[in-house]
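Participant: pasting the sequence and the predicted model now:
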Amino acid sequence: MKAIWNDIVIAESDKTVVVEGNHYFPADSIKSIYFTESDTHTVCPWKGLASYYTVQVNGALNKDAAWYYQKTKHAAKQIEGYIAFWKGVKIEK
């Protein structure tokens with residue numbers, strides 16, 4: 001699977017985990033040059049505290065376009081440390 005934004009592949013892996021329709025990519029599959037930590041956090045009742053990355057490609061910013069759970073609740077252990085995308089990031093095979 002590939003995560004693509006602004007015509008650039010920002011993550012690629014054959015080991016994504018699908019939860020609630022979102023592909024979660026292993027942390028080592030993202031191209032870290034395009035990611036900056038965000039101060040944004042949200043809480044999911046069954047997954048835990050989510051943290052976000054802003055994605056920057058070719059000078060364009062996509063604030064909080066990626067999220068992850070550094071430490072999940074028990075029910076979501078399979079995605080702990082994995083990264084998912086939204087806000088126009090395309091997921092393709």
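Facilitator: Okay, I see it. Only a predicted model underlies this, so the values are computations on that prediction, with no experimental measurement involved.

Participant: please count neighbours and contacts with C-alpha atoms only from this point.
Facilitator: OK.

Participant: what residues are up against the closest residue in space to residue 11 that isn't next to it in sequence?
Facilitator: Once flanking residues are discounted, residue 11 sits nearest to residue 30: 4.1 Å by Cα to Cα, 6 or more residues apart in numbering. Neighbouring residues of residue 30 by Cα atoms under 8 Å, 6 or more residues apart in numbering: 10-12.

Participant: go again using 10 Å as the cut-off
Facilitator: 2-3, 9-13, 82-83 (Cα atoms under 10 Å, 6 or more residues apart in numbering).

Participant: now it: how far from residue 36?
Facilitator: Residue 30 sits 12 Å away from residue 36, going by Cα to Cα, to the nearest Å.

Participant: then residue 90?
Facilitator: 19 Å.

Participant: for the contacts of residue 30, work out which two are farthest apart.
Facilitator: 9 and 82 (16.8 Å; Cα to Cα).

Participant: residue 69 contacts residue 26, doesn't it?
Facilitator: No: taking contacts as Cα atoms under 10 Å, residue 69 lies outside contact range of residue 26: 11.5 Å.

Participant: and for those two, which residues touch both?
Facilitator: Common contacts of residue 69 and residue 26 (Cα under 10 Å, 6+ apart): 79-84.

Participant: and those, which are buried?
Facilitator: For the shared contacts of residue 69 and residue 26, a burial check counting by 16 or more other Cα atoms under 10 Å picks out 79-84.
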